[in-house]
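**Q** sequence unknown, structure follows:
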């Protein structure tokens, strides 16, 4: 039977896992890495690279490379290259498709079902966008679950005793903190808080700005104005951050970083851990606010926690552990791999949803997840007030209904503005939908009774329906939301993704064919030069003509829109050149074609 997989679709790196023999294991990618860089690159030859190959060419092709796409999920944002526009769902789908392909290579069978994780503080639009990305990648998304919950699931599998834990999830682009209770096979989220724009990327940018400032003070040159130079600075900042996790200081050396009228300039700086800690202090202070909010919402004190679990690559920074200990009084646990535990928890959930029996240690009950909605849901009412319908940290799935009415006499249409957030005024929250209800029976203001229902499913995704209680008829609602793709858009994107996938094999075949053709041309042209005084003139002329014919055939291949038929003239020209040059090559090299 085909296995379902668990995917941690990360800002900086992504990871995929599967349950084998009752144990979640990490699936290495085809490059042998346990995590895959969440980077996509579009090359001049029309190739789409994903992972480390894309990250490696970022310095030479920054305009054609996309990273940290997760930060744009659910936003009205796009990336354009070579005349084509891509939205975040499509870029994320390219990463997911690679993870899917790597899993299929590892398992030896097609993979269709997956559980995908998202930050706990992702809103409805961002969750739906992630689910759409999975669909475009050819996956049946069984469930969207929160990253801290998934990490707790990975931990709880072998630590089933009753306890309250805090999951402090500080990744590449997002920060979440959740208070979770583990008891008799049940993992229940009590509260969650966080910041979707706080992570390792921000730390890299801060360090890069420090490097840039130091360089500018020395040389009076602003490196941020030089795209290629700044790309190198950002890469150096990330490397320095990682090295400072185990060293007290680090040397940042970038020779020939830029060129001036006086000649090349070199960057050579030392960054100490104490200076680094001071640079990132503001980010750690921001995490403290979320920690305090999560504890308050859960109704417990830090002293009641049995464990603090660190998740996400940024938690490897020593100052992060120190901050967590200062906030909670508990030395945080490093018992699970912060880069892999989220994917492993997702794999456990995938196995459970597919009918597998996963028992938590010390419990005879199958694992049950009880998650919460991270933010409140409200309706804009008279005066621009946000009237809360579903409070934040409400256990999901859940259904709430509330009756509304008209504000003006004889209204036949009502627009209901749905918001996500916990601010008292509508303008300070995020619009996730505007629902227009038409066909209301004309009546004085306040008379019509319109019941609006909110359904939040297990993925944390909201559906809204409305009913006119006066007539008992269900009314139609049109949802207008910039961040959500229509079914037609998803289908189109999925078709295009499949077209790209089918091109992969053709492209590899052509690359190999071109390499063989160029090797043949090089040998034939060397033979032409070596035999120009001794070989038969007619033979030389034929080889020269056949070389020109092969080069012409190669030049006609449309590398961006490869068709298998385009390669036939190349193969034919190669065969002709092999035949005409064989004697000449043998004579000049002492070998055969």
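**A** Received it, and whenever you're ready, just let me know what you need. Computed from a prediction, not measured in an experiment: that's the story for all the values here.
**Q** Check what contacts stretch 419-435 and list those residues.
**A** 123-125, 375-380, 384-386, 388, 392, 415-418, 452, 462, 464, 466, 477-481 (Cβ atoms under 8 Å, 6 or more residues apart in numbering). All C-beta spots, glycine's among them, are computed from the backbone N, C-alpha and C.
**Q** Would you map the strands across the stretch 251-400 of the chain?
**A** With strands called from DSSP state E, counting those that start in this stretch, the stretch 251-400 of the chain shows them at 263-272, 307-311, 368-372, 377-381, 385-390, 395-396, 398-404.
**Q** sorry, back to before: going through the contacts of stretch 419-435, which ones are buried?
**A** 123-125, 375-380, 386, 388, 392, 416-418, 452, 462, 464, 466, 477 (16 or more other Cβ atoms under 10 Å).
**Q** weakest of the strands of the stretch 251-400 of the chain in terms of mean pLDDT?
**A** The minimum mean pLDDT among these belongs to strand 368-372 (a mean of 78).
**Q** What pairs with that strand, parallel or antiparallel?
**A** strand 186-195 (parallel), strand 395-396 (antiparallel) (DSSP bridges).
**Q** Go through those and pick out the most buried.
**A** strand 186-195 (a mean of 23; mean count of other Cβ atoms under 10 Å).
**Q** Tell me the helix or strand right after it.
**A** helix 200-219 (DSSP states H and E).
**Q** Now that next one: average pLDDT?
**A** On average, helix 200-219 scores 95.
**Q** Identify each buried residue in it, please.
**A** 200-204, 206-208, 210-212, 215, 219.
**Q** Check the offset of the following helix or strand past it from the chain's centre.
**A** Note on helix 200-219: by DSSP H and E, the next helix or strand toward the C-terminus is helix 227-243. The chain centroid and the centroid of helix 227-243 are separated by 21 Å, computed with Cα atoms, centre = their mean, to the nearest Å.
**Q** Map the structural domains onto the sequence of this structure.
**A** Following automatic domain parsing, one finds the domains of the chain at 5-199+282-371, 373-484, 488-589.
**Q** Tabulate those in TSV, adding columns for distance to residue 270.
**A** Below are those laid out as TSV (distance: least, Cβ to Cβ, whole Å):
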stretch	distance to residue 270
domain 5-199+282-371	18
domain 373-484	41
domain 488-589	43
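**Q** and those, which is most packed in?
**A** domain 5-199+282-371 (a mean of 21).
**Q** coming back round to it: can you put the strands of the stretch 251-400 of the chain in CSV and add distance to residue 541?
**A** Below are those laid out as CSV (distance: least, Cβ to Cβ, whole Å):
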stretch, distance to residue 541
strand 263-272, 49
strand 307-311, 70
strand 368-372, 76
strand 377-381, 80
strand 385-390, 83
strand 395-396, 78
strand 398-404, 82
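**Q** Out of the ones you listed, which is closest to residue 526?
**A** Among these, strand 263-272 comes nearest to residue 526, with 37.4 Å by Cβ to Cβ.
**Q** Give me the angle between that closest one and helix 200-219.
**A** Going by axes from the mean of the first three to the mean of the last three Cα atoms, to 10 degrees, strand 263-272 is angled at 120 degrees with respect to helix 200-219.
**Q** Which strands border strand 263-272, and is each parallel or antiparallel?
**A** strand 249-260 (antiparallel).
**Q** For the partner strand, the averaged confidence score.
**A** Per-residue scores along strand 249-260 average to 92.
**Q** can you list contacts of it?
**A** Contacts for strand 249-260 (Cβ under 8 Å, 6+ apart): 211, 215, 219, 221, 223, 226, 229, 232-233, 236, 240, 243-244, 264-273.
**Q** Helix or strand with the lowest mean pLDDT in the chain?
**A** For the chain, counting by mean pLDDT, DSSP states H and E, strand 477-479 ranks last in confidence among helices and strands (a mean of 48).
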